[in-house]
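Asker: Sequence and predicted model, in that order:
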There are 2 protein chains.
Amino acid sequence: MHRVTSSQTKQTTRTAEQILDVAERLAQTRGFNGFSYADVSDELGITKASLHYHFRTKAELGRQLIARYSLVFRGILEEIELGTTGEAAMVDRYVKVYADVLRGQRMCLCGMLAAEYTTLPEAMQSEIRRFFDLNEEWLTTIFERGRASGELAFEGPARDVANLLLGTLEGAMLVARSYGDVQRFEAVAARLVGGMKPPLRPRSTA
Amino acid sequence: MHRVTSSQTKQTTRTAEQILDVAERLAQTRGFNGFSYADVSDELGITKASLHYHFRTKAELGRQLIARYSLVFRGILEEIELGTTGEAAMVDRYVKVYADVLRGQRMCLCGMLAAEYTTLPEAMQSEIRRFFDLNEEWLTTIFERGRASGELAFEGPARDVANLLLGTLEGAMLVARSYGDVQRFEAVAARLVGGMKPPLRPRSTA
DNA sequence: GTCTATAGGCAGATAGAC
DNA sequence: GTCTATCTGCCTATAGAC
C-alpha cells in the first residue's frame, strides 16, 4: 500500500477512500478545522489509530483530499466539454455542478478551504490555488471559444470573465448556504450568466 | 459595567474594545475556529481569565464581534450615502470598502464566518444573516435610486443585482486572498460594476 | 479588573500487541 | 490493517485570592 503512482496521487485502498469520503463531506460542511480524526473514525466505526495508518497526519489527509477533489472535478469538466453542444450550455452545466454541491448542503471544498487558507499547511495552500487555476483555465477556454462562435458575448479578456464567474459562484454559494436557500444562489448565477448571452442566440434553445 | 444599552449592544470598556479589536483581526484572518483566547490574551499581555471576565464565553465574544462589525459597517454605509454624489460613485465607494479590507490582509468578517456557519452558535448565525440583510437592503436602495436617476442601468429587480454584487465581492475576496492579489479582486469588481453603468453616463467623471 | 491555579475535555499523534 | 493504551499539548471555562 501507499505506493506512489504519480507525484501527487496515491493508490488508495477501499478504507482510505471511505475515509476521504467522510472527511470530504465534513470539510465541505464544517471546514478543515471544523472536524477531527475522531469525527471521521466514529462515523466509520474504526479507531483514530487506524486512521493514522492510512493518513499519517491530518495535513496529509487534507492534501490528498484536495488532490482527489481536483481530479474528480477535472473529469467533470472534460465530460461537460465533450458531452455538451454549445459553449452557453457548457457554462450552464458548469454552474449546475456548483448548485448541486450546494443542494447537498455542502460548500465547494476549495471555497471552504480558501476561508481557512492562512491556517493551512503550505502543501494544502498550493493545492487550493491549483484548483482555482484549473477552473480559471477551463472557463477561459470555453469563454474564448464561445465568443468566437457567437454563443457568448462579452468585452475584454476571457480570463477576466472566468475570474468573475468563479468568484461569484464561490461567494454566492457561501451566502446562500447561510440562508439554506439554493434558489438565492441560482438567481445570482442566472443573472450573471444571462448577461453573457447575446440578444440573438445563434444555437441556443431560445 | 456590562450595562445593556440596547437589546444587542453593550457599554464596553476600553479593555473590552481592545479585546474585540484583536479578536476581530484574528477572526478575519484565521476564522472564528482558527484563534483561541490564548491568542488574544497573549497579544494584549493579559491572562485568559481576564478575558473571560469581559466575555464570559467565546460564543458571546463572537456574537458581540459581529454586532459591533455590523454597527460600524452601518455607519460607513450612511457616510457613503450622505457624502457621495451619484449612485454610481456610491457603488464604487462600497466596493472600495471591501478592497481596503482585503488590502489589510483580511477577509470580510461575515464572509469568513459564513464559511464556518454550521459550526457556530445560533446567536452568531443570526447576526451573520443580519449583516448580509443590511448589505442587501442598502444596495437595493442605491440600485433602485440609481436606475431611477439614470446613473445605473440594469434589468430586473434591484434586489437581485444587490445579491449578485454582494456574493461576487465575498467570493472574489476569498479567491484573491489565496493568491495574495488585491488586483485580482479589483479586476473582478470593476468588471461587474462596469456592466451596470450606462453607455452614456449622466454625471460620472467619464 | 486582573491574577494564579486548575479542572475537564478534546486535539493530533505514537508505540506496540494482535 | 486494526486494535488498546497512552502522551503531550491546547482548548474553553471556573474558583477564588488580591
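Answerer: That came in fine, so what should we check first? It should be emphasised that the depicted structure is a prediction, and the values quoted were computed from it without experimental measurement. Numbers count the residues shown, from 1 in each chain, chains lettered A, B, ... in the order given.
Asker: can you give me the helices in chain A?
Answerer: Along chain A, counting by DSSP state H, helices occupy A:14-30, A:37-44, A:48-54, A:58-83, A:87-103, A:109-115, A:122-149, A:158-179, A:182-194.
Asker: List the buried residues of the last one.
Answerer: For helix A:182-194, burial by neighbour count (16 or more other C-beta atoms under 10 Å in any protein chain shown) applies to A:182, A:184-189, A:191-193. Placement of C-beta: from N, CA and C, glycine included.
Asker: What lies in contact with that helix?
Answerer: A:91-92, A:95, A:98-99, A:102-103, A:164-165, A:168-169, A:172-173, A:175-176, B:156, B:160-161, B:163-164, B:167-168 (C-beta atoms under 8 Å, 6 or more residues apart in numbering or on different chains).
Asker: quick one: that helix to chain centroid distance?
Answerer: 17 Å (C-alpha atoms, centre = their mean, to the nearest Å).
Asker: now the longest one
Answerer: Helix A:122-149 sits 11 Å away from the centroid of its parent chain (C-alpha atoms, centre = their mean).
Asker: Repeat that for the fourth one.
Answerer: Helix A:58-83 sits 8 Å away from the centroid of its parent chain (C-alpha atoms, centre = their mean).
Asker: Pull the contacting residues for the spatially most central residue of chain A.
Answerer: Computing the C-alpha centroid of chain A and ranking residues by C-alpha atoms, centre = their mean puts A:C108 first, at 4.9 Å. A:C108 makes contact with A:28, A:98, A:101, A:169-170, A:173, according to C-beta under 8 Å, 6+ apart.
Asker: tell me the phi and psi of it?
Answerer: With angles defined as degrees, to the nearest 10, A:C108 sits at phi -60, psi 130.
Asker: I'd say A:G62 and A:G31 touch.
Answerer: No - counting by C-beta atoms under 8 Å, A:G62 does not reach A:G31; the two are 11.0 Å apart.
Asker: Need the residues touching each of those two.
Answerer: Common contacts of A:G62 and A:G31, defined by C-beta under 8 Å, 6+ apart, comprise A:L113.
Asker: Quick check, A:T168 in contact with B:M173.
Answerer: No - contact criterion C-beta under 8 Å: A:T168 and B:M173 do not qualify, at 11.6 Å.
Asker: and the gap between the nearest residue to A:Y37 once chain neighbours are set aside and A:S178?
Answerer: Spatial nearest neighbour of A:Y37, chain neighbours left out: A:K48 (4.6 Å); criterion: C-beta to C-beta, 6 or more residues apart in numbering or on different chains. Here A:K48 is placed at a distance of 32 Å from A:S178 (C-beta to C-beta, to the nearest Å).
Asker: Look at those two and report which has more neighbours.
Answerer: With neighbours defined as other C-beta atoms under 10 Å in any protein chain shown, A:K48 and A:S178 compare such that A:S178 has more, 22 against 13.
Asker: can you pull the contacts of the more buried one?
Answerer: Contact analysis of A:S178 by C-beta under 8 Å, 6+ apart lists B:114, B:117, B:125, B:128-129, B:132.
Asker: from chain A, which residue is nearest to chain B?
Answerer: A:G171 (2.3 Å; C-beta to the nearest C-beta).
Asker: Can you tell me which residues in chain A are near DNA strand D?
Answerer: Neighbours of DNA strand D within chain A, by C-beta under 7 Å from any atom of the strand: A:1, A:13, A:15, A:45-50, A:53-54.
Asker: Most neighbours among those residues, please name it.
Answerer: Sorting these by how many neighbours each has (other C-beta under 10 Å) puts A:H54 first, at 21 neighbours.
Asker: Could you tell me the per-residue confidence at that residue?
Answerer: What the model reports as pLDDT for A:H54 is 98.
Asker: now it: how far from A:V72?
Answerer: 19 Å.
Asker: before we move on, what about A:V97?
Answerer: Note on A:V97: its distance to A:V72, by C-beta to C-beta, is 11 Å.
Asker: out of those two, which sits in the more crowded spot?
Answerer: The residue with more neighbours, out of A:V97 and A:V72, is A:V97; 14 against 11, by other C-beta under 10 Å.
Asker: residues in contact with that one?
Answerer: By C-beta under 8 Å, 6+ apart, the residues touching A:V97 are A:76, A:80.
Asker: wait, what's in contact with the residue in chain A that DNA strand D sits nearest to?
Answerer: Here the residue of chain A nearest DNA strand D is A:A49; by C-beta to the nearest atom of the strand that distance is 3.0 Å. Shown in contact with A:A49 (C-beta under 8 Å, 6+ apart): no residues.
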